[in-house]
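*Asks:* Any chance you can model this:
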Amino acid sequence: MVSLTGWWHRRSGPARIELYTRSTFHFLPLAEMAILGASLASGVAGPWPGLLALVAVHAALCAVLQARGLDWLLGRRERPVGLLTAVAALSVGGAATALALRSDSSLLSGVDVSVLVVGLFTFGLGAMALAIRGTRPRLYSVLGAAVGMAAVCALLGLPGPTAAGFAAAVLVTSGVMVLTSGCAVWLLNVVRELDAARELQSQLAVAEERLRFGRDLHDVMGRNLAVIALKSELAVQLARRGRPEAVEQMIEVQRIARESQHEVREVVRGYRKADLAVELAGALSVLHAAGIDGTAEGDDGSALPPDVQSTLGWVVREATTNVLRHSEARSCTIRLSTGASAVLSVDNDGVPEAAAGGTSGSGLNGLRERLATLGGTLDTESLAGAFHLTAAVPLSRPEVSSPIAQQSGLVV
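*Replies:* The predicted structure is shown next:
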């Protein structure tokens, strides 16, 4: 039983809906053969192979048009214009032939001719609807079929009430058939779009996680490696002079390396958060060790929400790393003010002219992404050898979606 049903269970949801829809459409030509064939068997003076063959060819063309039209609507092939024209011509021609035979008294029952004529138009338009895109063009095709039916009746000299009856029957039955076909295609498109949206959401989730990992790893290792390089260089100079302080510096390097291992594990697990007070103290310690006059002014940030503290802690860490890496600073001032927004600014001197005109690196871009999730902003300015960085986070803000979801038009 598993082998018999495996072909179905291995299909995705949209693939199952598409298979069901195609099967339904392929059933219509069989229904056409059964209904119109039955009308011919009871309404023709003896079985007439000509009309039966016409119905068979019409049903076969409708089946092919339905398959290729559905592929066209799903974007898999070109529009089957030739088949569309052939089905339309055969529907009109077959109906005109049946009406002419009825007028010539070649058929015993006019009621059965009505079934044949209306059926050719109805099943034909049901197939043609799959080669027409849009509600309005399909509506025009139904109205055109009713008008064409009335014109054929008029050309054959049928009475006005009879022509009006044929036209009304074609309008109603064809309208129902086209509506049914359109709704089936609309449902299939909705399912496919929902599946595509779900797949896109999964890809966004993976991209968000990769972005978080890369951003956190950069922020964690950037400063720690800069500090390790600084203290290692200091230890080398002290060791060359025979100073015992070299051992203390290498012990500090060892401590920072172990701390980095722990922080990397937290980044991998997704638990890494920066503490503003710890980052401020660490920044001042690192700046002083590098011979930079570092000061912290303003609020200590203890009353800020935890997510704001964590984000501003990352700002302090990245800003300190940039001071150590990209400047020859002698002073650095960190200020934090709170009000309607929490504003953190970092000012340092000693910026080379080549660095002053550079573009933002991945670290600053990562900070902008972190701040954007809280509705915050990051501004930088280089002027007269000094660098100014300002991060602002509103303390009362609407919910903000992730940067990747904003670019994709989705809210995750």
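*Asks:* Can you list the low-confidence ranges for the stretch 151-300 of the chain?
*Replies:* 201-202, 205-210, 212-213, 215-216, 219-220, 266-274 (pLDDT under 70).
*Asks:* would you list every one of the helices in it?
*Replies:* Along the stretch 151-300 of the chain, the stretches classed as helices by DSSP state H, counting those that start in this stretch are 160-240, 245-269, 276-289.
*Asks:* any idea which of these is most buried?
*Replies:* Mean neighbour count (mean count of other Cβ atoms under 10 Å) peaks for helix 276-289 among the helices of the stretch 151-300 of the chain, with a mean of 18. C-beta here means a position set from N, CA and C on the backbone, and glycine is covered the same way.
*Asks:* Can you pull out the residues in contact with that helix?
*Replies:* Outside helix 276-289, the residues that touch it by Cβ atoms under 8 Å, 6 or more residues apart in numbering are 223, 227, 230-231, 234, 293-296, 300-302, 304, 309-310, 312-314, 316-317, 319-320, 323-324, 332, 334.
*Asks:* That helix to helix 160-240, inter-axis angle?
*Replies:* 40 degrees (axes from the mean of the first three to the mean of the last three Cα atoms, to 10 degrees).
*Asks:* I'd like the distance from helix 276-289 to the chain centre, please.
*Replies:* Computed by Cα atoms, centre = their mean, to the nearest Å, the chain-centroid distance of helix 276-289 equals 43 Å.
*Asks:* send the alpha carbons of that helix over as PDB?
*Replies:* Provided in PDB are the C-alpha atoms of helix 276-289 (Å, rounded to 0.1, in the frame of the first residue of the first chain):
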ATOM      1  CA  LEU A 276      26.200  48.400  28.700                       C
ATOM      2  CA  ALA A 277      27.900  48.900  32.100                       C
ATOM      3  CA  VAL A 278      30.400  46.100  31.500                       C
ATOM      4  CA  GLU A 279      31.200  47.400  28.000                       C
ATOM      5  CA  LEU A 280      31.700  51.000  29.300                       C
ATOM      6  CA  ALA A 281      34.100  49.800  32.000                       C
ATOM      7  CA  GLY A 282      35.900  47.500  29.500                       C
ATOM      8  CA  ALA A 283      36.200  50.300  27.000                       C
ATOM      9  CA  LEU A 284      37.800  52.700  29.500                       C
ATOM     10  CA  SER A 285      40.200  50.000  30.600                       C
ATOM     11  CA  VAL A 286      41.300  49.200  27.100                       C
ATOM     12  CA  LEU A 287      41.600  52.900  26.200                       C
ATOM     13  CA  HIS A 288      43.800  53.500  29.200                       C
ATOM     14  CA  ALA A 289      46.000  50.500  28.500                       C
END
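*Asks:* Direction-wise, compare that helix with helix 245-269 and give the angle.
*Replies:* 150 degrees.
*Asks:* any idea how far the residue located most distally from the centre of the chain lies from Ala235?
*Replies:* The C-alpha centroid of the chain is most remote from Gly242, which lies 63.6 Å away (Cα atoms, centre = their mean). Taking Cβ to Cβ, to the nearest Å as the measure, Gly242 falls 13 Å from Ala235.
*Asks:* got it, and Thr122?
*Replies:* 91 Å.
*Asks:* Surely Ala386 touches Asn348?
*Replies:* Yes - with contact defined as Cβ atoms under 8 Å, Ala386 counts as touching Asn348 (6.9 Å).
*Asks:* who has more neighbours, these two?
*Replies:* Under the criterion of other Cβ atoms under 10 Å, the comparison of Ala386 against Asn348 puts Asn348 first, with 28 against 16.
*Asks:* beta partners of that one?
*Replies:* Cys332, Phe387 (DSSP bridges).
*Asks:* pretty sure it contacts Cys332?
*Replies:* Yes - if you go by Cβ under 8 Å, Asn348 and Cys332 touch, sitting 4.1 Å apart.
*Asks:* overlap in contacts of those two?
*Replies:* In contact with both Asn348 and Cys332: 292, 323, using Cβ under 8 Å, 6+ apart.
*Asks:* Give me the neighbour count for the closest residue to Arg11 other than its chain neighbours.
*Replies:* Among residues not flanking Arg11 along the chain, Leu19 sits closest, at 6.9 Å (Cβ to Cβ, 6 or more residues apart in numbering). By other Cβ under 10 Å, the residues close to Leu19 number 13.
*Asks:* any idea how far His26 is from Leu19?
*Replies:* Counting by Cβ to Cβ - Leu19 and His26 are separated by 10 Å.
*Asks:* And Gly294, by the same measure?
*Replies:* Gly294 is 77 Å from His26, by Cβ to Cβ.
*Asks:* Among the two, which residue is more densely surrounded?
*Replies:* Taking other Cβ under 10 Å, Gly294 and His26 do not tie; Gly294 has more neighbours (22 against 13).
*Asks:* Am I right that that one is in contact with Arg330?
*Replies:* No - at 10.3 Å, Gly294 and Arg330 do not qualify as touching, with contact defined as Cβ under 8 Å.
*Asks:* If anything else comes up later, I'll come back, but that's it for now.
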